[in-house]
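**Student:** what follows is a predicted protein model with its sequence.
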Amino acid sequence: MPSEWSDDALRDAVASWGPAWGEDLAARTYSARLIGADPALVLHGGGNTSVKSEVKDLLGRPLPVLFVKGSGWDLATIEPPGHPGVVLDYLRSLRQLAELSDEQMVGAIRSHMLDPTGPQPSIETLLHAWLPHKFVDHSHADAIVALTNTSAGERPIREALGERVAIVPYVKPGFSLAVLAAAVFERDPEVEALVLVHHGLFTFGDNAEQSYKQHIKLVRAATDYLERRTASSARRAGSGAKKRPDAAEARRRASRVAPLLRGALAERDADGVSRRHVLAWRGGERVLERLASEQLREWAATGTLTPEHVIRTKAHPLLVEPPVEDEDRAWRESIRLPLEAFRQAYARYFEENAQAAGGASRYIRLDDTPRVVLVPGVGLFGVGSSPEDAATAADIAEHTLEGKRWVQALGGWRALSAAQLFEIEYWSLEQAKLRKREEGRLARRVALVTGAAGAIGRGIARELLSAGACVVLVDVEQAALAAARAQLGKPARTLAVRADVTDPAGIERAFEEASLAFGGVDVVVPNAGIARTGPLAEMALAEFRRVVEVNLTGVFITLQQAARHLVRQGSGGGVVVVSSKNVLAPGEEFGAYSASKAGAHQLGRVAALELAREGVRVNMVLPDAVFGDGELASGLWQTIGPERARARGLEPQQLAEYHRQRNLLHARITAAHVGRAVVFFAAEETPTTGAVLPIDGGLPAAFPR
Ligand code: ZN
């Protein structure tokens, strides 16, 4: 772990931020970013930084202030407003109190912020305030935490870091920890750092460089020590020619196992599936190697690297041993048994610890779904309510495996007690966040849309995304697909897969890619379509066949793959076929399109019959002409527009107005309208399948009968 410090970069930071924010905050922002940029130091919010400075109050009087990291900011990309200012003398005065609850502490800090609308200062604000140094850096560095999680107590900490650091026993972050840490520091104000057991490292200095370099020096010393010990214990154990993990095979298996796992993890109530989760798979060589360790069972049974991880990963991962027979039924059993045990153990953990901590009724019980699943030979899965949460859990799991490997060499893990983990998992401040939390109608669902790069496809994808779904964009046009994904934004919640709906292997691969990215698919929208115009007497057979191939056979292939996927996953779901107003009211010189869409529509009805027993709904939306999506013109209408206009005796530019005028509501039909109809069915808010929803502004000739 090298120091990334650069005097030039500091000078640049001070030159750019200094004039508006002051030199202290500029330097603070610079070195906070250095610390935040290294995931071995700071992983998903596990760290915070501060600087003590002085500002002028409104009356021009000097006011000492603590600028301390605010919640919601990532240290790697933090800006000066990410360290909100709090009146320092007030923070210091709180030291006189005998106790202060978390809620009182949060309120007290908030009441003395320079900008009351700023982000909430760190839970460790008082600890920062009560150390005398100008700059304070705090991280939950993997190596430091690992050193303090061993059964060997202080010895490895001393061996690695020497006598110049003070060791602070474990206390949950908040007022009590600040009191204890300040007292430990004051016993020997010459110490160079505080090592917080099971938690992390505090370094400090008169300037940003001193505190940062001290931080890096100690983390490097810890890492070197752990690596040395790990290497020598591996030598003692005999290296043995280990088989290199097969990453390609792991990927293949993961794409098949993910939907089975995701289906099993879905939470159910009397009405069926009540909550799904998104998965994030990790199967790099290092992960596979760690999962192949003989100690894996032992590692899985011990707690988290730092207590705060329990909020993201729960106390333990679920360990799934691959079955001997690599087939669905065997995999389902391999998942089911440990999962049942996990849920039972979670129920016991909650009841016992809630009882001991004031009674179960005081707490909102969290779900009992694991957040990390370890599958040797396949990889690890992060589990969450969103791809971001799932990725966070997976990242933490990767770092935890490394930490456990290190600790193994030091004689084993000393975990926090269940009561200590419960205290964090059911922390009142976290419980308060739960009460405020709102999710989109389609949160936790994954949708796959074919023809997603076209005008209607993009509109559907956009509405699905804004309802909270993850969206797999499938299209045959590579460039248009990339453009669609870029235009939709939210890259963490989209995946683009180039595939042709007339190629079963391509569509199957799209479902596999979706399974690796998100764990599976819940909503499938067969939307890809093309059109050709011409009277029956003149239409070329090849043209007719081409339209049928995409619009009918393409929907058959998509439905078939969807059915197989949804049935294997076993947690219901839905299909929304983009049919057409032409199915109910066909147009002249539009035979190929109308007939192929009618065929696809009928397939959708058959799918509704066949898949109901699996809890899968199949519905049809019937748009009339959609001429584009914002700036993007419909490719279909660009192809057929001139012909269709001629057939009606119009100029091409008059066509959209013609369609608007002919419906009862005089509505111009947009891609967003189609998207909202898809969202309605996808949200499963009514018990509806085999239904037809026109999106045409009201066309009596096309009223469903
Ligand atoms: Zn901390």
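**Tutor:** Yep, it's here. Residues are numbered from 1 along each chain as shown.
**Student:** what's the nearest residue to Lys597 if we skip its chain neighbours?
**Tutor:** If the residues on either side of it in the chain are set aside, Lys597 comes closest to Ser580, at 4.3 Å by CB to CB, 6 or more residues apart in numbering. Every C-beta, even on glycine, is put in place using the N, C-alpha and C of the backbone.
**Student:** ok, now which ones touch the one you found?
**Tutor:** Residues near Ser580 by CB atoms under 8 Å, 6 or more residues apart in numbering: Tyr593, Ser594, Lys597, His601, Leu622, Pro623.
**Student:** mind checking how far it is from Leu636?
**Tutor:** Ser580 sits 11 Å away from Leu636 when distances are taken as CB to CB, to the nearest Å.
**Student:** now swap in Arg11 and tell me
**Tutor:** According to CB to CB, Arg11 stands 57 Å off from Leu636.
**Student:** quick one: which of the two has more around it?
**Tutor:** Leu636 (20 against 14; other CB atoms under 10 Å).
**Student:** who touches Trp281 in this structure?
**Tutor:** Trp281 makes contact with Ala254, Ala258, Gly379, Leu380, Phe381, Ala394, Leu516, Ala517, Gly519, according to CB under 8 Å, 6+ apart.
**Student:** how does it look with 10 Å?
**Tutor:** 250-251, 254-255, 257-258, 261, 287, 373, 375, 378-382, 390, 394, 515-519 (CB atoms under 10 Å, 6 or more residues apart in numbering).
**Student:** filter those residues down to the ones in helices?
**Tutor:** Secondary-structure check on these using DSSP state H: residues within helices are 250-251, 254-255, 257-258, 261, 287, 390, 394, 515-518.
**Student:** can you tell me which of the residues you listed are buried?
**Tutor:** With neighbours counted using 16 or more other CB atoms under 10 Å, the ones in helices among the contacts of Trp281 contain these buried positions: 250, 254-255, 257-258, 261, 287, 390, 394, 515-518.
**Student:** got the domain ranges for this protein?
**Tutor:** Described in terms of automatic domain parsing, the domain architecture of the chain consists of the residue ranges 7-234, 247-434, 446-624+669-695.
**Student:** surely Ile167 and Val197 touch.
**Tutor:** Yes. With contact defined as CB atoms under 10 Å, Ile167 counts as touching Val197 (6.6 Å).
**Student:** list residues touching both of those two?
**Tutor:** Taking CB under 10 Å, 6+ apart as the contact rule, Ile167 and Val197 both touch Thr148, Gly153, Glu154, Ile157.
**Student:** Val547: which of those is nearest?
**Tutor:** Looking at those and their distance to Val547, the nearest is Thr148, at 67.5 Å (CB to CB).
**Student:** from Arg229, how far out is the residue lying closest to the closest one once chain neighbours are set aside?
**Tutor:** Nearest-residue entry for Thr148: Val197, 4.4 Å, with adjacent residues in sequence omitted and distances by CB to CB, 6+ apart. When CB to CB is the yardstick, Val197 and Arg229 sit 19 Å from each other.
**Student:** list the buried residues for the helix or strand where Pro156 lies?
**Tutor:** Mapping Pro156 onto the secondary structure by DSSP states H and E places it in helix 155-161. Going by neighbour count (16+ other CB under 10 Å), the buried part of helix 155-161 is Pro156, Ile157, Ala160, Leu161.
**Student:** also stretch 18-32?
**Tutor:** 18, 21-32.
**Student:** please apply the same query to stretch 556-569.
**Tutor:** By neighbour count, with 16+ other CB under 10 Å as the criterion, the buried positions of stretch 556-569 are Phe556, Ile557, Thr558, Leu559, Gln561, Ala562, Ala563, His565, Leu566, Val567, Arg568, Gln569.
**Student:** for Asp7, state which of the contacts of Ser580 is nearest.
**Tutor:** Nearest to Asp7 among the contacts of Ser580, with distances taken as CB to CB, is Pro623, at 61.9 Å.
**Student:** who's more crowded, Ile167 and Val197?
**Tutor:** Val197 (20 against 17).
**Student:** which other residues reach the strand or helix carrying Asp8?
**Tutor:** Assigned by DSSP H and E, Asp8 falls within helix 7-21. With contacts defined as CB under 10 Å, 6+ apart, helix 7-21 is touched by 6, 22-31, 33-34, 53, 67, 79-81, 83, 207-209, 212.
**Student:** that'll do, ta.
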